[in-house]
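Engineer: Predicted structure and sequence below. I'll ask about it afterward.
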Amino acid sequence: MSALGSVYLTRKSAEKIAQELKEKDLNGMLLQFAIYDKTNQYGQNIAITVSQTTEERKEKKGIDYICNGKVFWTDGKIYIAEKKEHDSPLGLPF
């Protein structure tokens, strides 16, 4: 483990997400997080947002912030996650 952090999700944000999932008949939604080098005025350096498509970024669509938080422990190293490919004995794609 290279880092631990915490975020605070408000009921209002959770209800907004649940409503959007229900309206769009989705099973889930892709979120992304950013860990900043500096903290904000509240001592936070993590932001979680709804992930945007390339088109949404090109159109400069506003970012939907879900919640903020902070890193409270790190060993100073964070690694990029890589999907490990493996061969299925039946030739299936999973």
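Structural biologist: On my side now, so go ahead.
Engineer: where's Lys70, which helix or strand?
Structural biologist: strand 65-74 (DSSP states H and E).
Engineer: And that strand, how far out from the chain middle?
Structural biologist: From the chain centre to the centre of strand 65-74 is a distance of 11 Å (Cα atoms, centre = their mean, to the nearest Å).
Engineer: what packs against that strand?
Structural biologist: With contacts taken as 3 or more Cβ pairs under 8 Å, 6 or more residues apart in numbering; DSSP states H and E, strand 65-74 sits against strand 3-8, helix 11-23, strand 46-50. Every C-beta, even on glycine, is put in place using the N, C-alpha and C of the backbone.
Engineer: Let's see the pLDDT reported for Ser51.
Structural biologist: What the model reports for Ser51 is a pLDDT of 94.
Engineer: how near is it to Lys77?
Structural biologist: 25 Å (Cβ to Cβ, to the nearest Å).
Engineer: Which one of these two is surrounded by more residues?
Structural biologist: Between Ser51 and Lys77, counting by other Cβ atoms under 10 Å, Ser51 is the more crowded of the two (12 against 7).
Engineer: what's that one sitting at in phi/psi?
Structural biologist: Phi and psi for Ser51, reported as degrees, to the nearest 10, are phi -60, psi 140.
Engineer: How about it, nearest residue that isn't a chain neighbour?
Structural biologist: Spatial nearest neighbour of Ser51, excluding adjacent residues (Cβ to Cβ, 6 or more residues apart in numbering): Leu30 at 4.1 Å.
Engineer: hang on, the one you found packs against Thr49?
Structural biologist: No. Between Leu30 and Thr49 no contact is recorded; they are 10.2 Å apart, counting by Cβ atoms under 8 Å.
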